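Trainee: Sequence and predicted structure, then a few things I'm wondering about:
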2 protein chains.
Amino acid sequence: MTELRADARRNLERVLDAATDAFAASGPDVSIDEIARAAGVGHGTVFRRFPTKDDLMYAVIERHVAQMCDLAQDALAADDPGEAFFDFARQVAELGMRTPGLHRCVVHCGGKPRGAELDRLVARIVSRAQAAGAVRADVEPVDVQLLVRSALTSAPAGQWRRYLDVVLDGLRA
Amino acid sequence: MTELRADARRNLERVLDAATDAFAASGPDVSIDEIARAAGVGHGTVFRRFPTKDDLMYAVIERHVAQMCDLAQDALAADDPGEAFFDFARQVAELGMRTPGLHRCVVHCGGKPRGAELDRLVARIVSRAQAAGAVRADVEPVDVQLLVRSALTSAPAGQWRRYLDVVLDGLRA
DNA sequence: CCTGAAACGGACTGCCGAGTCCGGTTAACA
DNA sequence: TGTTAACCGGACTCGGCAGTCCGTTTCAGG
């Protein structure tokens, strides 16, 4: 069952890649047909792997969150807690700006996959930075992602770095 | 032409009110049927006044922007420029939090009505506050609405005031 | 090769929402 | 109160999308 036929595995890969691009570019409203076309398969093939459009979206988000978890792990392994925090924030921002539609996808399927794991990691990064006196004490971990993300989604094209600076300044101790 | 029959004017009013509530609550995805039902009219009546769903959305936004323009006028008439700016920001925030779906509507119909007028007013409020040394000099007027709005749309239920505080702190000189 | 199980893809269904149309209704005014 | 033009609302069309089904193709093992 875990053993997928070679062509099946290949198509699954293509579908996930195409879906990631599509959702990242246009949010939750892209049609399955569009994704299937981009992947070079029939849309029946998509539905065999992911019985529901939401299932597909969920899988895409899971991948994305996994990337952020990796970044978080790196941040926890870094020496300077303050620097690690602000670097992490900027990296998440970069990642987010390359995938403007995914935020709405996350909102769409309320309980985001692996969200708890990511939250735990971010909590540790924030706590560490606060303990080191680099971040104001009245900010809670979950706020950071949201504040950063929100600054980015609102910024006019090409100016998000300035927005991010403002928000990060607001977070400094 | 400006003279509408009494029942027509009454229904137009109802439609606009219902549409405002609906768009504010659920964003651009509410159906015309839903709005018409809430207004107590047939959806044919809605389409007679607003040939397109976007036309209706546009009208709703125009109303909303007009309210914000009024707030902006008040802020310009106030004595302390810094205080006026931060009060204005909080008032806009309050207004925005009562209409969580309207932001997406504005995004949906790109060129927002009366946007230029509002922008001009906000620009004067910000400049005045900057001249008074209450707001950092490297922030541009348009940033303020977006930053404030974005902090609000991302906040977990009931916590948006804390978010707003963080952002406003980031704007202080 | 040969064979069968697994996978493919496109035709098909059902649903829902935007926009149209017209027969019936009602406000306005003499 | 009678006439008429404006207005009403719901039945209708049309298009698009999620999800299903099945005849056909392709992989993999003997």
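Mentor: Thanks, I have the structure now. If you're wondering where the values come from, they're calculated on a predicted model, not measured in any experiment. Numbering: from 1, shown residues only, chains lettered A, B, ... in the order given.
Trainee: residues from chain A in reach of DNA strand C?
Mentor: Residues of chain A lying close to DNA strand C (C-beta under 7 Å from any atom of the strand) are A:4-5, A:7-8, A:10-11, A:40-45, A:48. For glycine as for every other residue, the C-beta is placed from the backbone atoms N, C-alpha and C.
Trainee: redo that, cut-off 10 Å
Mentor: Contact residues, chain A versus DNA strand C (C-beta under 10 Å from any atom of the strand): A:1, A:3-15, A:32-33, A:36-37, A:39-49.
Trainee: List buried members of these by neighbour count.
Mentor: Buried residues within the residues of chain A next to DNA strand C, counting neighbours by 16 or more other C-beta atoms under 10 Å in any protein chain shown: A:Asn11, A:Leu12, A:Arg14, A:Val15, A:Ile32, A:Ala36, A:Ala39, A:Val41, A:His43, A:Thr45, A:Val46, A:Arg49.
Trainee: between those residues, which is closest to DNA strand D?
Mentor: Nearest to DNA strand D out of these is A:Ile32 (C-beta to the nearest atom of the strand; 3.7 Å).
Trainee: so what's the closest one up against?
Mentor: With contact taken as C-beta atoms under 8 Å, 6 or more residues apart in numbering or on different chains, A:Ile32 is in contact with A:His43, A:Val46, A:Phe47, A:Lys53, A:Leu56.
Trainee: Show residues contacting the helix or strand hosting the last one.
Mentor: Per DSSP states H and E, A:Leu56 falls inside helix A:53-77. Under the contact criterion C-beta under 8 Å, 6+ apart, helix A:53-77 has outside partners A:15-16, A:19-20, A:23, A:28, A:32, A:35, A:46, A:49-50, A:84-85, A:87-88, A:91-92, A:95, A:99, A:102, A:105-106, A:108-109, A:112-115, A:117-118, A:121-122, A:124-125, A:128.
Trainee: can you check stretch A:90-107 too?
Mentor: Taking C-beta under 8 Å, 6+ apart as the rule, stretch A:90-107 contacts A:20, A:23-28, A:57, A:60-61, A:64, A:67-68, A:71, A:112, A:145, A:148-149, A:152-153, A:160, A:164.
Trainee: CA atoms only for it, dumped as CSV, please.
Mentor: Only the C-alpha atoms of stretch A:90-107 are listed here, as CSV (Å, rounded to 0.1, in the frame of the first residue of the first chain):
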residue,chain,number,x,y,z
ARG,A,90,13.2,37.5,7.9
GLN,A,91,13.6,34.0,6.5
VAL,A,92,9.9,33.2,7.1
ALA,A,93,9.1,36.5,5.5
GLU,A,94,11.1,35.6,2.4
LEU,A,95,9.4,32.2,2.2
GLY,A,96,6.0,33.8,2.7
MET,A,97,6.5,36.4,0.0
ARG,A,98,7.3,33.7,-2.5
THR,A,99,3.9,32.1,-1.7
PRO,A,100,1.4,34.9,-1.3
GLY,A,101,-1.7,32.7,-1.7
LEU,A,102,-0.8,30.1,0.9
HIS,A,103,-1.9,32.3,3.8
ARG,A,104,-5.5,32.3,2.6
CYS,A,105,-5.2,28.6,2.1
VAL,A,106,-4.2,28.2,5.7
VAL,A,107,-7.1,30.3,6.8
